[in-house]
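Chemist: Prediction below, plus the sequence it came from.
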Amino acid sequence: MTSERSPLLNVEAIQPSVAVAATPTVRLAALDLLRGLLMVLMAIDHSKGFLANFVTPHEQWFESPDYKGNGFTFLTRFVTSFCAPGFFMLMGWGIALFVESRRNAGWSWFRILKHYALRGFVLIIFNEITMIPFELQLPRYHFITSVLVALGCCMFLAALFIAAESEILPRYTAHLSPAAANMTLAGTYFVTVALITVAPSLYVPKVSEKNANFSTSFLLWFLPLAGSTETKSAIISVYPPFPWMAHTLWGVGIGRFVKRVQWDSVRLALFNMSAGILMLSLALPLRYFVPWTSINPEIVTPPYTSSMISFLNNVKYPPSVVYTLITLGGNHIALALFFLVNPDTLSVNNGPLLVFGGSSLFFYVTHFWMYMGIAGVLFTIGVMPVGGFGGFDFWLCYALGLVIEYAMCMKYAAFKRETGRDSLWRLF
């Protein structure tokens, strides 16, 4: 398996100074494969913004896209809804493994927190760089909280949570059996994740309040607010960190628990498949019978009980309970399939998914500029019509972008392998 790791979204080098054992190698391959798949899906949504004529509004707490029964347009958005929850979960899992490896290597908590504070700050800086193509379309400057801002903040907060949990929990579990201590650890994370998951449904305003003057700190940390109201504040809030801490800590909890019990790939596949099926099974009755878990469900047109498209058209900004269950459930099922493949002999060069998964931040930062460049060239030479492509022409341009990204990520991965284990270049 590849020995180079990107701290943003994939697992960093797990062993501090020894060869990687067979079981961790299997885990890393499966996580990288899922991450690579999510990068490919994510690029659909972002390339649409530059190249397609079927772009739809985002699923915010005050507005919802009306697909008018168009299954194709809906699916191009729906398949990308799994990406953000998967990224945060995988990042959390990777942080758990990284922290344990560095603690075993003698790192202090201060050094670990400084490590993630620096990387979180770098992500926020690169948020500004990746948002330049969008800033150019606005009448004045706004601080746009893209997914990089949330990832950077959640990265540090997750490491802080692990530090606190690692120091406090053993005081109350020292007298317990190993099995009971493990279940206490799992229960701590489960309860924390459940509370954060439910919280947005309790503090999100009613649709009628969308034009209220919310405080900057509330928008920055808790409430997404973009679109028609964006000029009222210096912030275009897309990914406030707090709601996404649920997905991050879910991954941290899994990583911490799995590291203790040392499951093999078969048990990991069984766990992920069971978790995925359970989440999807719970989402169905909640969507139909517990409206508040969907966050302002009345905004869905036509009503969410009238069609499958409307049922699956859930609020993402901030993530509702039902959205979280559906998307994390889908990620767990995909991860179960990757664990069943048991890819313990794969290296970084074994296919696009591992290449993209191993250089995920590099892919993320460059793909905005790359698709904007493709659109600019095609429009300048008169190939792309005003408003963008539809159907086959769009997919051709999307595929061209992936080919270019594959070549770039391969080159970057080769460069990254020559850097030090804790080099900032490995953040990409």
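Modeler: Nice, thanks for sending it over.
Chemist: which sections of the stretch 201-350 of the chain are below the confidence cut-off?
Modeler: 227-232, 342-350 (pLDDT under 70).
Chemist: now the strands for it?
Modeler: Under the criterion DSSP state E, counting those that start in this stretch, strands of the stretch 201-350 of the chain are mapped to 235-237.
Chemist: At which residues are the helices of it located?
Modeler: In the stretch 201-350 of the chain, the helices defined using DSSP state H, counting those that start in this stretch lie at 216-221, 241-261, 265-289, 308-312, 321-341.
Chemist: Against which helices or strands is whichever helix or strand comes after the last one packed?
Modeler: It stands for helix 321-341. Note on helix 321-341: by DSSP states H and E, the next helix or strand toward the C-terminus is helix 352-358. The elements that helix 352-358 packs onto, with contact taken as 3 or more Cβ pairs under 8 Å, 6 or more residues apart in numbering; DSSP states H and E, are helix 22-51, helix 392-416. To be clear about C-beta, it is placed using only N, CA and C from the backbone, and glycine gets the same treatment.
Chemist: Buried residues of stretch 72-79, list them for me.
Modeler: Neighbour counts using 16 or more other Cβ atoms under 10 Å place T73, F74, T76, R77, F78 of stretch 72-79 among the buried residues.
Chemist: Out of the residues you listed, the closest to F339 would be?
Modeler: The shortest approach to F339 among the buried residues of stretch 72-79 belongs to F78, at 24.3 Å (Cβ to Cβ).
Chemist: does that closest one really touch L312, like I thought?
Modeler: Yes: using Cβ atoms under 8 Å, F78 is in contact with L312, at 5.9 Å.
Chemist: if we can go back for a sec, quick one, which of the helices of the stretch 201-350 of the chain is nearest to L33?
Modeler: It's helix 321-341; of the helices of the stretch 201-350 of the chain, that one is closest to L33 (Cβ to Cβ) at 4.5 Å.
Chemist: Next, the angle from the closest one to helix 265-289.
Modeler: For helix 321-341 against helix 265-289, the angle by axes from the mean of the first three to the mean of the last three Cα atoms, to 10 degrees is 160 degrees.
Chemist: got the buried residues for helix 321-341?
Modeler: For helix 321-341, using 16+ other Cβ under 10 Å, the buried residues are 321-336, 338-340.
Chemist: For the helices of the stretch 201-350 of the chain, give me TSV that also has distance to A29.
Modeler: TSV is the format used below for the helices of the stretch 201-350 of the chain (distance: least, Cβ to Cβ, whole Å):
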stretch	distance to A29
helix 216-221	35
helix 241-261	15
helix 265-289	9
helix 308-312	30
helix 321-341	8
